[in-house]
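K.L.:
Need a 3D model of the following:
(2 chains)
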Amino acid sequence: MISTIVFILMLAVAVAFFTINVRKISRNIKLGKDIDRKDNPLKRWWLVFKVAIFQSKMMGLPIAGILHVFVYAGFILVNIEMIEVMVDGIAGTHRAFSFLGKFYPIIISATEVFALLVIIGCVVFLFRRNIIRLPRFWKSEMTSWPRLDANIILLTEIVLMTSVFFLNASDYILQTREFGHYDQVGSFFLSSFFVPLIQNLPSETLVLIDRSCWWLHIVGIMLFLNYIPYSKHFHVFVSFPNVYFSKLDAAGKIANMPSITREIKSMLGKPVEPEENVDMAAMSFGAKDVKDLTWKSLMDAYSCTECGRCTRVCPANITGKKLSPRKVIMDARDRLEIVGKNNDKNGKDFSDDKSLFDFISSEELWACTTCNACTNECPVNIDQVSLIIELRRYLVMEKAAAPGELNSIFSNIENNGAPWQFSQQDRLLWANELYINEKA
Amino acid sequence: MTEKRKIDVPVMADVFAKGEKPEYLLWVGSAGAFDDRYKKVIRAFVKVLTHLNVSYAVLGTEESSSGDVARRAGNEMLYQMQTLTNIDILNMYEVKKIITCDPHVYNTFKNEYPDFGGNFEVIHHTQFLQKMIIEGKLKIESNLFKDKTITFHDPCYLGRANGEYMAPREVLGAIPSTVKEMKRNKAQALCCGAGGGQMFKEAEKGDREVFIERTEDVLETGAGIIVTACPYCMVMMTDGLKYKNKEEQIKNYDIAELIEQSLEL
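P.N.:
As a prediction, this is how the structure comes out:
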């Protein structure tokens, strides 16, 4: 009875706390500028199916891809057992789903297989990060916190899954001893291997192991749930909507700035629709801070799980430049978190006089070749290039801070219609003295 | 017997004045007009068009920068100025189909100009050549490259930006030769390092230049010819071969030049 009350109270606190934090993140994302990503729902659902649910882009790196499927599928399926744990916790029952009869041990055995896959995946992941030290996990933006965050996630999952095995093994031994309320529900496939480890223990100790593992598992999950909004692991939730709201245009297309079109049209003496008239002086171009980015870019920031596949293929990063597309996304998220906290503390009009440029240097931004290797690689369809372009737009149009050579090509294009300093009148010189051999 | 015939490249203003409407507009691009190496590519492609009796014209002195580099370098004002002016001229000549040898032009015309009322059928020259081969109009029987190994460098703005990986490969496939892929190809191809404005500025501080990294991919294949389909890639790959002192052993051609040479135009 008391345990039921404790359980329900803990669950309520965990869910409430989680909800508060998710709402904060959702509010932070909504700080971004509007962008229409509701068109073509069929194509969007197809992307969710292919890229998010079936993780098609993960297989670009097959070892990481398969192991990730282990952990992903495992975590979803082990949660079937979580439902039972919830029911038991709230109703004070023991193995509430055992009414399923002979199917019950099959289901539980299946979840055990997936729990094992999760453990295998996490162990190999820890090995790749900490022992093999794959370069993408040790780039300069992978400072102590991102590395620790990853290890916390992997270790927590190992602990949570291991508790399932000891829970089931002690339960099974108690069943065979016909102890207390431990009804005969059958043996479970994998935890039976754990039975020899503990079968000589007295029943009271086994009950203790069973109950400890049960509480460890459920409390661990509640804590983990509330760790996720503070962690890169938030991708487990937000990557699904992030894929749904993907850019559907060709990767090469850069988002238009219709506000500028009005200005240019009136400069060129073209008709401008009356409602298009806006106060140009009050407008800003490009992005200085997170609120100048679209909400999709901000959702991108929360979807990033710092896998570094983008940085791994970035030509600038490969050749030792400072630019790392992953860092740009992580910076946007870190800055957004600060802006969000400022809003909580000081109201939404508060400004700390900082911006994205306190995180991202122009050296990084100007190293991008807009080659789209990063966007092509990202398993959750983050658009790093659009973020970089928005920051460049700010540097160029608000600050006139383009590199000198680019300023020269701007004035060349403006004056003579080519990036090079050649007269437009000479544009046909290439065609002089052109002959073709014709077979007679 | 072959004889040399002079090509008078048709200019839109003249053609239009005569009341004719060419089927295609050939967008030469600033690189095609001014970069000495890429002028050769445009000349080669024009020869191929002439050989195929294609109805086309160029804008000549009415052509201007597409604005691609201005937009990617963050200067949206300048980009839109170029775009709106270019669209006016193209619409004035009632242009419907545009061919270009520059994937950057291809990308911005195809994907970005429609936002400003510029709706054209945009064709990259590799796609045009592919079409001519499929339709049987372009046949290559030459054995010029038969004993050569060719590798193709995917331009980012043709490949990843627009998903066109097959057209250049099918054109190469129609030329008797051996084609060998680099380890990074198609969607995984490494950029030449020149997009997004990099062509016109010093690279940021790093260990090495992107074009050198890419040239090493080329050398790994052992190919004697590196084929590109983009003016920036052409410049970068040429620089890379020079840096590696391989410009004598390995030739760098645009796909249009391979056709030109195969047909002995």
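
K.L.:
I'd like to know which residues of the stretch 1-150 of chain A are adjacent to chain B.
P.N.:
Contact residues, the stretch 1-150 of chain A versus chain B (C-beta under 8 Å from any C-beta of the partner chain): A:Gly60. All C-beta atoms are positioned from the backbone trio N, CA, C, and that covers glycine.

K.L.:
can you tell me the residue of the stretch 1-150 of chain A closest to chain B?
P.N.:
Residue nearest to chain B within the stretch 1-150 of chain A (C-beta to the nearest C-beta): A:Gly60, separated by 7.9 Å.

K.L.:
how many other residues sit next to the closest residue to that residue other than its chain neighbours?
P.N.:
Spatial nearest neighbour of A:Gly60, excluding adjacent residues (C-beta to C-beta, 6 or more residues apart in numbering or on different chains): A:Glu377 at 6.5 Å. Applying other C-beta atoms under 10 Å in any protein chain shown, we find 24 residues neighbouring A:Glu377.

K.L.:
A:Glu377 and A:Lys57 touch, don't they?
P.N.:
Yes - contact criterion C-beta atoms under 8 Å: A:Glu377 and A:Lys57 qualify, at 7.3 Å.

K.L.:
re the thing from before, run through the residues that contact the residue of the stretch 1-150 of chain A closest to chain B.
P.N.:
Residues in contact with A:Gly60 (C-beta atoms under 8 Å, 6 or more residues apart in numbering or on different chains) are A:Arg309, A:Glu377, A:Pro379, B:Gln188.

K.L.:
In helices only, show me those.
P.N.:
Taking DSSP state H, the ones among those that sit in helices are A:Arg309, A:Glu377.

K.L.:
rewinding a little: which residues touch the residue nearest to A:Gly60?
P.N.:
Contacts of A:Glu377 (C-beta under 8 Å, 6+ apart): A:Lys57, A:Gly60, A:Arg309, A:Cys310, A:Arg312, A:Val313.

K.L.:
do that again at 7 Å, thanks
P.N.:
Contacts for A:Glu377 (C-beta atoms under 7 Å, 6 or more residues apart in numbering or on different chains) come out as A:Gly60, A:Arg309, A:Cys310, A:Val313.

K.L.:
Find the centremost residue of chain B, please.
P.N.:
For chain B, B:Cys101 is the residue whose C-alpha lies nearest the centre (C-alpha atoms, centre = their mean; 2.7 Å).

K.L.:
low-scoring stretches of the stretch 151-300 of chain A, by residue?
P.N.:
Applying pLDDT under 70 to the stretch 151-300 of chain A flags residues A:274-282.

K.L.:
nearest residue to the residue of it found nearest chain B other than its sequence neighbours?
P.N.:
Proximity of the stretch 151-300 of chain A to chain B (C-beta to the nearest C-beta) peaks at A:Gly252, 2.7 Å away. Distances taken as C-beta to C-beta, 6+ apart put B:Ala161 closest to A:Gly252, at 2.7 Å, once the chain neighbours are dropped.

K.L.:
since we're on the residue of the stretch 51-200 of chain B found nearest chain A, how many residues are nearby?
P.N.:
With C-beta to the nearest C-beta, the shortest gap between the stretch 51-200 of chain B and chain A falls at B:Ala161, namely 2.7 Å. B:Ala161 has 27 neighbours, counted by other C-beta under 10 Å.

K.L.:
for it, helix, strand, or coil?
P.N.:
Here B:Ala161 is recorded as coil under DSSP: H, G, I helix; E, B strand; the rest coil.

K.L.:
Provide a list of residues in contact with it.
P.N.:
So B:Ala161 contacts A:Ala250, A:Ala251, A:Gly252, A:Asn372, B:Asn107 (C-beta under 7 Å, 6+ apart).

K.L.:
Look at B:Lys4 and give its secondary structure.
P.N.:
Three-state call for B:Lys4 (three-state DSSP): strand.

K.L.:
Do a quick rundown of the strands in the stretch 301-440 of chain A.
P.N.:
Taking DSSP state E, counting those that start in this stretch, the strands of the stretch 301-440 of chain A run over residues A:435-439.

K.L.:
Now the residue nearest to the centre of chain B. Nearest residue, chain neighbours left out?
P.N.:
Distances taken as C-beta to C-beta, 6+ apart place B:His125 nearest to B:Cys101, at 4.5 Å, with adjacent residues excluded.

K.L.:
any idea how chain A splits into domains?
P.N.:
Following the assignment in automatic domain parsing, chain A carries domains at A:2-30+A:61-230, A:258-402, A:411-440.

K.L.:
so which of these comes closest to B:Ala57?
P.N.:
Proximity to B:Ala57 (C-beta to C-beta) singles out domain A:411-440 among the domains of chain A, at 11.4 Å.

K.L.:
How about the closest one and chain B, touching?
P.N.:
Yes - Domain A:411-440 is in contact with chain B by C-beta under 7 Å from any C-beta of the partner chain, via A:413-414, A:417-420, A:422, A:424-425, A:427-428, A:430-431, A:434-440.

K.L.:
For ChimeraX, what selects the buried ones among those?
P.N.:
This is the ChimeraX syntax for the buried subset of the residues of domain A:411-440 next to chain B, where burial follows 16 or more other C-beta atoms under 10 Å in any protein chain shown:
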select /A:413,417,418,419,420,422,424,427,428,430,431,434,436
